[in-house]
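# Generate coordinates for the sequence data below:
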Amino acid sequence: MPKRIISGTVIRKAGEKTATVLVERKVLHPRYHKTVKRFKKYLVHDERNETNVGDTINAIECRPLSKNKSFRLLEIVKKGEV
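Numbers count the residues shown, from 1 in each chain. You can find the predicted model right below:
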């Protein structure tokens, strides 16, 4: 079964080896037929602790690593401004 890959922006460093990532998707409103943004936050495991706030990353689904953490860092697409 293929693993999900999410891409989003790191909004918070949540302790050692964990980053909070905000993922934005655009959906069509059922009644008004206007594109609206939907947001969801995921906890991503960052083994080498190399992400910073503002980075754009890709993460891949994995086995549950903790209660809320089921994604691993795949790559850093773009470094954020420091």
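
# Every contact and neighbour count from this point should use C-alpha atoms.
Fine.

# in stretch 28-46, what counts as buried?
42-46 (16 or more other CA atoms under 10 Å).

# Please name the residues that touch Lys69.
For Lys69, the contacting residues are 42-45, by CA atoms under 8 Å, 6 or more residues apart in numbering.

# Which parts of this protein are strands?
Taking DSSP state E as the criterion, the chain carries its strands at 5-13, 18-28, 35-45, 56-61, 69-78.

# how much space between the residue most central in space within the chain and Thr35?
Closest to where the C-alpha atoms of the chain average out (CA atoms, centre = their mean) is Val21, at 3.5 Å. With distances taken as CA to CA, to the nearest Å, Val21 is found 22 Å from Thr35.

# How about Asn68?
29 Å.

# now swap in Val27 and tell me
Counting by CA to CA, the gap from Val27 to Thr35 is 6 Å.

# related to what we said a few turns ago, farthest pair within the contacts of Lys69?
Across these, no pair lies farther apart than Tyr42 and His45, at 9.9 Å, counting by CA to CA.

# list the residues that contact both of these two?
69, 71.

# coming back round to it: now the strands of the chain in CSV, with mean pLDDT?
Putting the strands of the chain into CSV (pLDDT from 0 to 100) gives the following:
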stretch, mean pLDDT
strand 5-13, 96
strand 18-28, 97
strand 35-45, 97
strand 56-61, 97
strand 69-78, 96
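
# so what's the closest residue to Arg48 other than its chain neighbours up against?
Nearest residue to Arg48 in three dimensions, chain neighbours excluded: Lys17, at 6.9 Å (CA to CA, 6 or more residues apart in numbering). Residues in contact with Lys17 (CA under 8 Å, 6+ apart) are 45-49.

# For these, give me CSV that also has distance to Arg31.
Shown next, in CSV, are the contacts of Lys17 (distance: CA to CA, whole Å):
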residue, distance to Arg31
His45, 38
Asp46, 40
Glu47, 43
Arg48, 45
Asn49, 44
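
# Go through the residues you listed and name the one nearest Cys62.
Distance to Cys62 across these (CA to CA) is lowest for His45, with 9.7 Å.
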